[in-house]
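**Student:** Here's my sequence, what's the structure:
(one chain, ligands or ions: 2)
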Amino acid sequence: MALSEEGNSVFRSTPNSFLGVMDEVINKPEIMGIPEYFIRSNKEPSILSNDETNPLPTIPIFDFQTLLCDDGIQLHNLYSACKDWGFFQLVNHGVSSELLEKLKLEIGNFFKLPFEEKRKYQLKQGDFQGYGTVIRCGGQKLDWGDRFFMITNPIERRKPNLFPQLPPSLRDTLETYISKLQKLGMTLLGLLGKAIKMDMKEVEKIFDDGNQSVRMTYYPPCPQPDLVDGINPHSDGSGITILNQANGVEGLEIKKNGLWIPITFLPDAFVINIGDIMEIVSNGVYSSIEHRVTVNKEKERFSIGMFFNPKFEADVGPAKSLISSENPPLFKTLLMEDYSKYFFSRNLREKTHITALFLSHLQRFFKKNKRCGNERCK
Ligand SMILES: O=C(O)CCC(=O)C(=O)O
Ligand SMILES: [Fe+2]
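**Tutor:** Numbers count the residues shown, from 1 in each chain. Ligands and ions are numbered 1, 2, ... in the order given. From the prediction side, this is the model:
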């Protein structure tokens, strides 16, 4: 049976969103081959090594409790990790295995709900929160994954049809998880500020009562994983991201010196990464690294990322306490509210939005505020 396609539209698509890889493509054994919309013809290969004498490089691992009682050396190592890798794993972070296990079950159950149930959370015209993927133009390639993105803080920014309407057991578990991660996230932001010698008052001014959001992603197995991306190469727009590789299936890769390196799964560890805002705040010292997710032929994968950002009223720009005549600002400063509008007007793709902040594109964006297509829609 041929898939139903209407002109340039995609399965279960509305004019602006795509819903449900799992429901549309996976649950139909009669569908042969991967629909064109998912095929990435110029996908860069992952590096593989079976050579025990020459293992692949791995991202640094920190023990949170050791970081907290720092003697200076750990903070220096943290600084180097954020500068050279932009990614690290965090163990012994104090979030219990029981909570992580419960969250894994709840997220897994959510993505298995019937399509009509999940559809209640569908992304609406012109919005970026909800279940689905924003479609900006006809030729846009789609990721092999179903996502659900929502702002969780400040609480008054929560959409009434999203978080409050989640199945109660998922909602309550997520609420507990979010409150634990908030404490962890704020402490980490403080440590990152301290490690780069930022004024701690400035760290608080930027990130306290910040804007936080979560993205849950389900990556179904794919018959031809090499042809698709679970999530396109991108850097996160956040201050920092705390990622939980919830069901322990690997697939996350980071780009280091031009090569795609896999991130291993450590039970109960979080993967922490520097986002574009932290790269900007640190005036380019910390690195927001491109990453992507590859998918698996047999196994499903799911993850939940929590993004920590400045409050909407804060300035996003190089920290004043780091700037001097020897270290002039490399990025523009703008309000978080504007940064956020700008970020969500674009698709996740490489490091295109931070590059734009570095150059003069941003001013043009705000003058015209047009959704021009091709560059962002690839
Ligand atoms: O699923 C993952 O491991 C990564 C997801 C990700 O990069 C994101 O949500 O920004
Ligand atoms: Fe990401």
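**Student:** CA atoms for contacts and neighbours, from now on please.
**Tutor:** Fine.
**Student:** which phi and psi does Val271 have?
**Tutor:** With angles defined as degrees, to the nearest 10, Val271 sits at phi -100, psi 120.
**Student:** any idea how far Arg40 is from it?
**Tutor:** 26 Å (Cα to Cα, to the nearest Å).
**Student:** List the beta-bridge partners for the closest residue to ligand 1 within the stretch 151-300 of the chain.
**Tutor:** Closest contact between the stretch 151-300 of the chain and ligand 1, by Cα to the nearest ligand atom, is at Leu252 (4.8 Å). Beta-bridge pairing of Leu252 under DSSP bridges involves Val293.
**Student:** Who has more neighbours out of Val271 and Arg40?
**Tutor:** A count of neighbours by other Cα atoms under 10 Å puts Val271 above the other of Val271 and Arg40, at 23 against 16.
**Student:** hang on, the earlier thing: and the residue of the stretch 151-300 of the chain closest to ligand 1, how many neighbours does it have?
**Tutor:** For Leu252, the neighbour count with other Cα under 10 Å is 21.
**Student:** close enough to count as contact, it and Ile263?
**Tutor:** Yes: counting by Cα atoms under 8 Å, Ile263 is a contact partner of Leu252 at 5.6 Å.
**Student:** how about the nearest residue to Val271, chain neighbours excluded?
**Tutor:** The shortest distance from Val271 to any residue other than its chain neighbours is 4.5 Å, reached at Gln89 (Cα to Cα, 6 or more residues apart in numbering).
**Student:** Please verify my assumption that the one you found contacts Phe64.
**Tutor:** No: look at Gln89 against Phe64 with Cα under 8 Å: they stay out of range, at 9.7 Å.
**Student:** Those two: which is more packed in?
**Tutor:** Using other Cα under 10 Å as the criterion, Gln89 and Phe64 rank with Gln89 on top: 22 against 18.
**Student:** Which strand or helix spans that one?
**Tutor:** strand 87-91 (DSSP states H and E).
**Student:** helix or strand right after that strand?
**Tutor:** Going down the chain from strand 87-91, the next helix or strand is helix 97-112, by DSSP H and E.
**Student:** Other residues contacting that next one?
**Tutor:** Residues outside helix 97-112 that contact it (Cα atoms under 8 Å, 6 or more residues apart in numbering): 118, 167, 169-170, 173-174, 177, 216, 218, 246-247, 268, 302.
**Student:** which among those end up buried?
**Tutor:** Buried residues within the contacts of helix 97-112, counting neighbours by 16 or more other Cα atoms under 10 Å: 118, 170, 173-174, 177, 216, 218, 246-247, 268, 302.
**Student:** What about those, which are in strands?
**Tutor:** Taking DSSP state E as the definition of strands, the buried ones among the contacts of helix 97-112 contribute 216, 218, 302.
**Student:** what sits against the closest residue to the first one other than its chain neighbours?
**Tutor:** Think Met216. Nearest residue to Met216 in three dimensions, chain neighbours excluded: Ile304, at 4.4 Å (Cα to Cα, 6+ apart). Residues near Ile304 by Cα under 8 Å, 6+ apart: 214-217, 243-246.
**Student:** returning to that earlier point: who does the residue nearest to Val271 form a beta bridge with?
**Tutor:** Beta-bridge partners of Gln89, as defined by DSSP bridges: Ile61, Val271.
**Student:** show me the contacts for the most centrally placed residue in the chain.
**Tutor:** Taking Cα atoms, centre = their mean as the criterion, Asp236 is the residue nearest the geometric centre of the chain, at 5.2 Å. Contact analysis of Asp236 by Cα under 8 Å, 6+ apart lists 274-276, 288, 290.
**Student:** Which neighbouring elements make contact with the top helix by length along the chain?
**Tutor:** When the chain is parsed with DSSP state H, its longest helix is helix 168-195. Where contact means 3 or more Cα pairs under 8 Å, 6 or more residues apart in numbering; DSSP states H and E, helix 168-195 is packed against helix 73-84, helix 97-112, helix 200-207, strand 240-244.
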